[in-house]
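Undergrad: the sequence and its predicted three-dimensional model are supplied below.
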Amino acid sequence: MSTVFSSTGQLLAAEGMDLGRTDWLLLTQERINLFAEATGDHQWIHVDPQRAATGPFGACIAHGYLTLALANLFMPQLMQFENLAMGVNYGSDRLRFPAPVKVGSRIRGHGQLVRVEMQGQAVQAVVRMSVEIEGSERPGCVVDTISRYTFNPLEQ
């Protein structure tokens with residue numbers, strides 16, 4: 001269940017909040033193959049199931065950047081906005097890939113609102129997103145995402 005923010009003040013007050021976890025997502029070979037097509041990264045550890053079965057991971061694994069990109073899929077499951085004039089992705093910090101994500105794994109996002117501050121008329125929010133792998137102690141990806149939100153003025 002996502003947290004809904006409708007004003008700058010609400011978002012500022014939520015600094016430090018654990019945003020919870022998303023639903024599980026099954027990572028399929030089809031998703032990995034589509035990412036390989038989109039990026040041109042056809043390395044065998046991602047797209048060749050027969051060869052990958054005898055490789056270091058025992059199966060195909062997701063591209064690290066695919067795992068990172070899924071943070072964008074998970075974010076709206078954790079945070080929703082009302083009364084928003086505009087929101088933009090500003091960047092990211094502290095990107096790590098602690099564990100490989102094997103094809104057939106179930107993954108989910110876990111978010112924490114680690115820092116919130118004003119940047120001009122916008123409020124900048126840093127969400128630490130961990131892409132958890134079912135049955136693994138280590139996540140597939142941890143990234144501090146940075147977004148900027150501009151809310152419409154609240155009516156009096």
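TA: It's in. Computed from a predicted structure; not experimentally measured.
Undergrad: residue contacts, the most centrally placed residue in the chain?
TA: Against the mean C-alpha coordinate of the chain, by Cα atoms, centre = their mean, the closest residue is residue 71 at 1.2 Å. By Cβ atoms under 8 Å, 6 or more residues apart in numbering, the contact set of residue 71 is 109, 129, 131, 141, 143, 145. Just so you know, the C-beta spots here come from the backbone N, C-alpha and C atoms, and that holds for glycine as well.
Undergrad: among these, name the buried ones.
TA: Buried residues within the contacts of residue 71, counting neighbours by 16 or more other Cβ atoms under 10 Å: 109, 129, 131, 141, 143, 145.
Undergrad: before we move on, the earlier item: now the residue nearest to the centre of the chain: how far from residue 147?
TA: Distance from residue 71 to residue 147, counting by Cβ to Cβ, to the nearest Å: 11 Å.
Undergrad: closest one of the contacts of residue 71 to residue 20?
TA: Closest approach between the contacts of residue 71 and residue 20, by Cβ to Cβ: residue 109, at 9.2 Å.
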